[in-house]
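Chemist: Whatever this is, show me its structure:
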Amino acid sequence: CCCCCCCWLQVMNESAEQTVTVVSAMGSCAESPVKVTDLILNMIDKAARQDAAFLVDLAALQEKHVETAKQLLGQGPGLTSFVARLMDDIANLKAMLQAICIAGMATDAFVDFVVGHGELWSAQLLAATCKQMGADVAFMDTRDVLVVSPTSDGTSVDLDEDASNTRLDEWFSKHGNHKLVIATGFIAKNHKGQATTLKRNGSDFSATIMGALFRSGHITIWTDVDGVYSADPRKVPEAVCLPSLTYHEAWELSYFGANVLHPRTTLPAMKYSIPIAIRNFFNQAAPGTQVLDLEAEQKFSNGAATIKGFATIDNVCLINIEGTGMVGVPGIASAVFSTVRDAGVNVIMISQASSEHSICFAVKAGEGDMAVAVLKKRFTDSISAGRVSGVERIDNCCVLAAVGQGMVRRKGVAATMMGALAKANVNIKALAQGSSEYNITVLIDQKDSERALRAVHSRFYLSDVPIGVGIVGPGLIGGTLIEQLREQAQQLREEFNIDIRVLGIADSKHMLTSEGGIDLSNWRQQWETNKQPSNLQAFGDALASGYIPNLAIVDCTASDAPPANYLEWMGKGINIITPNKKLGSGPLERYQAVRRMQRESYIHFFYEGTVGAGLPIIGTLKHLLETGDKAQLVEGIFSGTLSYIFNTFSGSQPFSEIVKDAKAQGYTEPDPRDDLSGTDVARKVAILARECGLMLELDDI
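Modeler: Predicted coordinates:
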């Protein structure tokens, strides 16, 4: 049968334990894909447009509830009683919808009365089912109990607790005590006695309101997810279900778009420190997430997590207003935000420099034009006089928030978050953090949304540091590296908390990529069956688009092709590790661009293996130069290949055979002619010369 969202409230009395269940309207299922509330709203809309098709929807609504009642109650007096009441309501709704259709409009009072019937029928049906099973149960129409008034912005309601408590006492005087009370969610009455609703997430709000009125021992909200996650699992596959949150953390996460309680939902429970459990009705073995006050949450979690969760608000734009005439002028900020408020524009985040030279704030992309227009109109004189430079709009932005009360007075949290974003090559446009330190909010490019979310999540939530590796050139050197990574993966994880995953392998003709990592125990078989045509640009894109923030490409080739992509790869946040000499000795302009990128970003370019193989030649030279020494002379055997060949050559074996043997043992370049012609030595000289500050081209050697 179709399901409805339920919230359980446990009320502890002196004599007995009482449970109150608050239910929403029926949702959707495979056999009935339309939600009841959506169906009712569609009916009202059609009636207001004088579209008689609302009668078809009304018939579908009736059929949905009758069929569900048959499955739950079976044939008998319970079914007869429920269907009779349902048919009376359907008749009344039909009359009201026909009146709306004749008038061609629907007032708010009509809409609120009609739309609340889904909750009424769910609660009546559940109460009848429980009664038929022998439970001591009573049905509660919360319109008889809850008294609310609309908030100033009309988006929610405030509870009149005194009036509601009085009505709750009257309800119990009339109906008596029962061990189980099935109550309607979402609906209430205003002070005029008119039916109204609790607006968005009204059923959850009803649950916490009822919990506060009953002074419940705890509140359980049953839903279709295991609890509150540390990030959106659709964007971060390694997101975890949080065991606990404080009320403030739940509020902050929900404000920034996380799929948790609506901000106002927590307020009634917070007032009386009532624990809220979020559980999965379809996975009752999962413990869910506990939402508690600060003291209880710290005991529950032992202060385990500094940051509890991350969330994003996508598709926002940044509005920036600046000018020298704003500095030190009282009331500028007030003028800016009162102007956008009067225009009905909601401000998501605010950032202002202490110099007061500029104020920037984020709004939803759809409200950007309105914000710019009203601000330009408000500051027309200031812009004409040059006191305000202008109002600028920056599109395609995203807000990323880190939430956790554990950040309070904890040093280095912001630095850690900023470092994680920098290493993922994510640029921050604006930053905001309140003095409460419950959240850190940054504004970034929309295109970086998922990568940034994954980067900060992995930095705070993964005990192992994940490193995604792409290997170019799976020949003798690259193949040996892959085998070493396979053999040492467990040791690296256990001893150094490093989780290395090979995300891609490529050669000149083919490539193989995997977002989660290639199984190195059979990578050659995967290579044969799943390889694609090689494209080094696409290879870098595949690595950069994954959810692992720390990335490196190991170029094990001696080819010119990979170095031509280094700069682009580094621009995507991918570190480069290579024994390939073609970049270090190649065109000077490209070499300087890569080194400049290395200096100006958090991206590394490691090339120790280009000279001296495994010996720390370049590292030693760097340290000497950085401490003030000057290199006057570099001496050494620059070619291990030539050293081996001429030490082995005695005339008893053909020279060509010795060269073949050297190549087989991995001493030579892929093309031994580079060694024999002296080209390899020249490249090493060029690399060392550039390291010493001599900006030479290879032709200068």
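Chemist: and Asp55, how many residues sit next to it?
Modeler: Quick fix: residue 55 reads Leu, not Asp. Neighbours of Leu55 under the rule other CB atoms under 10 Å: 16. For glycine as for every other residue, the C-beta is placed from the backbone atoms N, C-alpha and C.
Chemist: got the end-to-end distance for stretch 167-185?
Modeler: One end of stretch 167-185 sits 16 Å from the other (CA to CA, to the nearest Å).
Chemist: Please report phi then psi for Gly504.
Modeler: When read as degrees, to the nearest 10, the backbone of Gly504 gives phi -160, psi 150.
Chemist: Which residues are in contact with it?
Modeler: Applying CB atoms under 8 Å, 6 or more residues apart in numbering, we find Gly504 in contact with Gly470, Ile471, Met511, Leu512, Thr513, Ser514, Ile518, Phe539, Ala542, Leu543.
Chemist: I'd like to know the beta-bridge partner residues of the third one.
Modeler: This means Met511. When bridges are called by DSSP bridges, Met511 pairs up with Ala506, Gln532.
Chemist: which of the contacts of Gly504 are buried?
Modeler: Those of the contacts of Gly504 that meet the buried threshold are Gly470, Ile471, Met511, Leu512, Thr513, Ser514, Ile518, Phe539, Ala542, Leu543, by 16 or more other CB atoms under 10 Å.
Chemist: Could you double-check that the fourth one lies in contact with Ile518?
Modeler: It stands for Leu512. Yes: counting by CB atoms under 8 Å, Leu512 touches Ile518, with 6.5 Å between them.
Chemist: Spell out which residues are contacts of both of those two.
Modeler: Common contact partners of Leu512 and Ile518 (CB under 8 Å, 6+ apart): Gly504, Ile505, Gln526.
Chemist: if we can go back for a sec, between the contacts of Gly504, which sits nearest Gly288?
Modeler: Lowest distance from Gly288 to the contacts of Gly504 (CB to CB) belongs to Ser514, with 32.7 Å.
Chemist: how about the helices of the stretch 1-150 of the chain, start to end?
Modeler: Along the stretch 1-150 of the chain, the segments classed as helices by DSSP state H, counting those that start in this stretch run 36-48, 54-73, 77-103, 108-115, 117-132.
Chemist: Show me the one of those helices that comes nearest Thr641.
Modeler: helix 36-48 (73.6 Å).
Chemist: Just give the nearest non-adjacent residue to Ala343, would you?
Modeler: Sequence neighbours aside, Val374 is the residue nearest to Ala343 in space, at 4.5 Å (criterion: CB to CB, 6 or more residues apart in numbering).
Chemist: Same list as before, the buried ones among the contacts of Gly504 that is, but in a markdown table and with distance to Trp251, pLDDT and secondary structure included.
Modeler: Converted to a markdown table, these look like this (distance: CB to CB, whole Å; pLDDT from 0 to 100; DSSP: H, G, I helix; E, B strand; the rest coil):
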| residue | distance to Trp251 | pLDDT | secondary structure |
| --- | --- | --- | --- |
| Gly470 | 41 | 97 | strand |
| Ile471 | 46 | 97 | strand |
| Met511 | 46 | 96 | strand |
| Leu512 | 45 | 96 | strand |
| Thr513 | 40 | 95 | strand |
| Ser514 | 39 | 93 | coil |
| Ile518 | 42 | 94 | coil |
| Phe539 | 43 | 96 | helix |
| Ala542 | 38 | 93 | helix |
| Leu543 | 37 | 92 | helix |
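Chemist: coming back round to it: kindly present the contacts of Gly504 as TSV, with separate columns for distance to Ile278.
Modeler: Output for these, formatted as TSV (distance: CB to CB, whole Å):
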residue	distance to Ile278
Gly470	39
Ile471	43
Met511	43
Leu512	41
Thr513	37
Ser514	34
Ile518	37
Phe539	42
Ala542	36
Leu543	36
